[in-house]
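Trainee: give the three-dimensional model of this entry:
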Amino acid sequence: MRAWKQVLIAGFLLQAAAGSRAEGIATIQVKGPIGPATASYIARAVHVAAERKAECLVVQLDTPGGLLDSTKEIVDTFYASPLPVVVYVAPSGANAGSAGVFITMAADVAVMAPNTSIGAAHPVSMGPGGSEKGDDVMKQKLENFASSYIEAIAQKRGRNAEWARSAVRESASITAEQALKLNVIDLIATDMQDLLAKLHGREVRGNPLKTAGARVEVDAEAVLLSRLRLPERDQRLVAARRRGLTRVVALGEAFHRGHVPLSQQELAHQ
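Mentor: Prediction:
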């Protein structure tokens, strides 16, 4: 336990603003498909950030999609987090696709860099070999669940529920500029320093954030994934991602959790 705490601490930012108490700003990067290893990583980052009394946790995100089970775990982690969570879709060219839509909209503060995109969250159940599985009734049930779930997330965070539903039902996808205009996100920031400057003074959970002048430290993601002793299932996912074999996925089937092979829980966005 001590080892992964030390690794995550390396991802902290230390505020340099003169005349005030130094505040820690935790930052991690999530890039690639969302799976169990990602959910564990984010949960542990939240735990360590809260333990170190960080001002907030910034999750820099670039993902084509992920598993429903893992996405729900991340959303639940955000809801239960004792400190504000900021999702930052970056850098330029990054995408919050499929599961990334749910994750971004579930954050306390949703931010995107210029020339990024978000959307295309329509679920399609995939079987072994990438073939689509499930009858029309099952597909409709999955779509209805995903639509109501993302609508609930949007309503909780005061964001555009109508567009959120269209991302699921119609695979709607928009740019950062459109997302800001449509109240899908809260801010656009060009880089981390711009983000911290724009977050400073913003009221979140009844308190203003203190982020101006923060110094960005080296992110700990790569070190964490290589050194942390993950469960065997997570190790297989990380290894598959490194080999480029993990399929682009959107949403898994929650009602099958733990009863079918992982490969049969993967979904791809249309």
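
Trainee: quick one: low-confidence parts of the chain?
Mentor: 1-23, 124-134, 214-270 (pLDDT under 70).

Trainee: give me the longest helix you can find in it.
Mentor: Counting by DSSP state H, the longest helix found in the chain is helix 136-157.

Trainee: what helices or strands is that helix leaning on?
Mentor: Taking 3 or more C-beta pairs under 8 Å, 6 or more residues apart in numbering; DSSP states H and E as contact, the helices and strands that helix 136-157 lies on are helix 68-80, helix 99-106, helix 161-169. From N, CA and C alone the C-beta is placed, and that goes for glycine too.

Trainee: and it, what's buried?
Mentor: For helix 136-157, the buried set under the neighbour-count rule, 16 or more other C-beta atoms under 10 Å, comprises 142-143, 145-147, 149-150, 153-154, 157.

Trainee: nearest to Ala197, out of the helices and strands packed on helix 136-157?
Mentor: helix 99-106 (20.5 Å; C-beta to C-beta).

Trainee: can you give me the strands in this structure?
Mentor: For the chain, strands defined by DSSP state E occupy the ranges 12-15, 24-31, 56-62, 85-89, 95-97, 109-112, 117-119, 173-175, 187-188, 203-204, 207-208, 214-215.

Trainee: redo those as a markdown table? Include mean neighbour count and distance to Asp69.
Mentor: Compiled in a markdown table, the strands of the chain are given as follows (neighbours: other C-beta atoms under 10 Å; distance: least, C-beta to C-beta, whole Å):
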| stretch | mean neighbour count | distance to Asp69 |
| --- | --- | --- |
| strand 12-15 | 19 | 29 |
| strand 24-31 | 22 | 16 |
| strand 56-62 | 25 | 18 |
| strand 85-89 | 27 | 19 |
| strand 95-97 | 27 | 18 |
| strand 109-112 | 26 | 22 |
| strand 117-119 | 24 | 21 |
| strand 173-175 | 18 | 24 |
| strand 187-188 | 18 | 30 |
| strand 203-204 | 12 | 28 |
| strand 207-208 | 10 | 32 |
| strand 214-215 | 20 | 34 |
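
Trainee: dump those strands to a markdown table, plus distance to Leu68.
Mentor: Shown next, in a markdown table, are the strands of the chain (distance: least, C-beta to C-beta, whole Å):
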| stretch | distance to Leu68 |
| --- | --- |
| strand 12-15 | 31 |
| strand 24-31 | 17 |
| strand 56-62 | 17 |
| strand 85-89 | 18 |
| strand 95-97 | 14 |
| strand 109-112 | 20 |
| strand 117-119 | 17 |
| strand 173-175 | 19 |
| strand 187-188 | 28 |
| strand 203-204 | 27 |
| strand 207-208 | 33 |
| strand 214-215 | 34 |
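
Trainee: okay, the helices and strands packed on helix 136-157, which one's buried deepest?
Mentor: Of all the helices and strands packed on helix 136-157, helix 99-106 carries the top mean neighbour count, a mean of 28, counting by mean count of other C-beta atoms under 10 Å.

Trainee: just want the angle from it to helix 68-80.
Mentor: Helix 99-106 runs at 10 degrees relative to helix 68-80, counting by axes from the mean of the first three to the mean of the last three C-alpha atoms, to 10 degrees.

Trainee: give me the contacts around helix 99-106.
Mentor: Helix 99-106 is contacted by residues 34, 59, 61, 63-68, 70-71, 74-75, 78-79, 87, 89, 96, 110, 112, 118-121, 149-150, 153-154, 156-157, 159, 164, 167, 184-185, 249-251 when judged by C-beta atoms under 8 Å, 6 or more residues apart in numbering.

Trainee: relative to Asn144, how far out is Ala107?
Mentor: 24 Å (C-beta to C-beta, to the nearest Å).

Trainee: and if you look at Phe78?
Mentor: The gap separating Phe78 from Asn144 is 23 Å, by C-beta to C-beta.

Trainee: related to what we said a few turns ago, got the helices and strands packed on helix 136-157 as JSON lines, with distance to Ala39 columns?
Mentor: Below are those laid out as JSON lines (distance: least, C-beta to C-beta, whole Å):
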{"stretch": "helix 68-80", "distance to Ala39": "4"}
{"stretch": "helix 99-106", "distance to Ala39": "10"}
{"stretch": "helix 161-169", "distance to Ala39": "20"}
